[in-house]
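Undergrad: Here is my input, please return the structure:
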Amino acid sequence: MGAIIVREMVGTSTVGWSDAARQAVALASKTVRNIRYVEVVESTARVEDGQLVEYRVQLKIGFEYES
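TA: Reported below is the predicted structural model:
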């Protein structure tokens, strides 16, 4: 394995934190090849009327550099 590039992004979901992470990876996979790992940096949620309505995860996504 060569160099790994790390980028941060935020995934969102109305279902849960795991789904938010999956959504982010699925979106990143459309334009980035060779994703090797993700690291959850922070998990937060938006609340309305005392209910969790949106889950958010900030991720570091590592992918292999292609020259």
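Undergrad: what's the model's confidence in stretch 4-21, averaged?
TA: Stretch 4-21 carries an average pLDDT of 97.
Undergrad: which stretches of this protein form strands?
TA: Using DSSP state E, the strands of the chain run over 4-13, 35-48, 51-64.
Undergrad: Now Ala3: closest residue in space that isn't a chain neighbour?
TA: The shortest distance from Ala3 to any non-neighbouring residue, by CB to CB, 6 or more residues apart in numbering, is to Tyr65 (4.2 Å). In this view, the C-beta of every residue, glycine as well, is placed from N, C-alpha and C.
Undergrad: Next, format the strands of the chain as JSON lines and append mean neighbour count.
TA: Below are the strands of the chain laid out as JSON lines (neighbours: other CB atoms under 10 Å):
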{"stretch": "strand 4-13", "mean neighbour count": "14"}
{"stretch": "strand 35-48", "mean neighbour count": "13"}
{"stretch": "strand 51-64", "mean neighbour count": "16"}
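Undergrad: could I get those as a markdown table with distance to Val25?
TA: Output for these, formatted as a markdown table (distance: least, CB to CB, whole Å):
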| stretch | distance to Val25 |
| --- | --- |
| strand 4-13 | 8 |
| strand 35-48 | 6 |
| strand 51-64 | 7 |
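Undergrad: Out of these, which gets nearest to Ala28?
TA: Closest to Ala28 of these, according to CB to CB: strand 51-64, at 5.5 Å.
Undergrad: what does that closest one contact?
TA: Here strand 51-64 makes contact (CB atoms under 8 Å, 6 or more residues apart in numbering) with 1-17, 19-21, 24-25, 28, 32-47.
Undergrad: For the closest residue to Tyr37 other than its chain neighbours, give the beta-bridge partners.
TA: Using CB to CB, 6+ apart and skipping the chain neighbours, the partner closest in space to Tyr37 is Gly62 (4.6 Å). Beta bridges link Gly62 to Val6, Tyr37, judged by DSSP bridges.
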